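Trainee: I need the structure of the sequence given here:
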Amino acid sequence: MPNVRATRPLLRGRSAALLVRLCLLSVLWATLVGGNPEGLALGLLALPLAAWGSVALEPPEDVRVRPLELVRFLPFCVWHALESGLDVARRAFQSQQSLSPGQWEVRSRLPRGPARFFLNSVVSLVPGTLAVEEEGDTLILHVLDVSPEARATALAQLRDLETRVARVYGLPPPPRGLP
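Mentor: As a prediction, the model looks like this:
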């Protein structure tokens, strides 16, 4: 018999939303202050208040978060934020412009709700990609390169990101095979 307790999220509701928002704000803050000790110290005071304020002003839906998976997700966020920034900088400083911007639509494999919202917030971790709109199950993405090779790479990275977000929210792995 499977251990139901091992798969059940440990945090729900406001506490889960508070933890997710605190983690996201912390990554953003650390990026903004660039590791400056004074800035990080200020963040230790301000970030919990900002996260609490965001939960008070925008109450969460029924959110279930697996804290260990969220902690595992943070290094992924930091690494891919750096990778995305370097990709954009590389493109900007190349003598030949390797930009072919455009939009494409992709069907999200996550259910509507907090997990999909979180995915839309972090989809910019896929280099050269930004979610600009959502229509039903379709994400409309702005991309820096619409070539078939870039699209295939971005789609594979997006699918990996969906799987990681599903783990954070204690959802079953998204179904495979969706274009």
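
Trainee: For the chain, which segments count as strands?
Mentor: In the chain, the strands defined using DSSP state E lie at 11-12, 64-65, 102-107, 129-135, 138-143.

Trainee: Just the buried positions in the longest one, please.
Mentor: So the one you mean is strand 129-135. Using 16 or more other CB atoms under 10 Å as the test for burial, strand 129-135 gives 129, 131. (Glycine included, C-beta is placed from N, CA and C.)

Trainee: now swap in the third one and tell me
Mentor: Buried residues in strand 102-107, counting neighbours by 16+ other CB under 10 Å, are found at residue 106.

Trainee: ok, residue 22 - contacts?
Mentor: By CB atoms under 8 Å, 6 or more residues apart in numbering, the contact set of residue 22 is 47-48, 51.

Trainee: Check which helices and strands the longest helix seen in the chain is in contact with.
Mentor: When the chain is parsed with DSSP state H, its longest helix is helix 67-93. Judged by 3 or more CB pairs under 8 Å, 6 or more residues apart in numbering; DSSP states H and E, the packing partners of helix 67-93 are helix 13-33, helix 148-168.

Trainee: Could you check the angle it makes with helix 148-168?
Mentor: Between helix 67-93 and helix 148-168, the angle comes out at 160 degrees (axes from the mean of the first three to the mean of the last three CA atoms, to 10 degrees).

Trainee: any idea of the mean pLDDT for helix 67-93?
Mentor: The average pLDDT for helix 67-93 rounds to 82.

Trainee: in it, what's buried?
Mentor: By neighbour count with 16+ other CB under 10 Å, helix 67-93 contains the buried residues 67, 69-70, 73, 77, 80-81, 84, 87, 91.

Trainee: same deal with stretch 36-54?
Mentor: 43, 47, 50-51, 54.

Trainee: and of the residues you listed, the nearest to residue 116?
Mentor: Of all the buried residues of stretch 36-54, residue 54 has the smallest distance to residue 116: 18.3 Å, by CB to CB.

Trainee: Excluding chain neighbours, what is closest to that closest one?
Mentor: residue 21 (5.3 Å; CB to CB, 6 or more residues apart in numbering).

Trainee: wait, doesn't the one you found sit right on residue 51?
Mentor: Yes - Residue 21 is within contact range of residue 51, at 4.4 Å (criterion: CB atoms under 8 Å).

Trainee: most centrally placed residue in this protein?
Mentor: The centroid of the chain falls nearest to residue 122 when counting by CA atoms, centre = their mean (2.4 Å).
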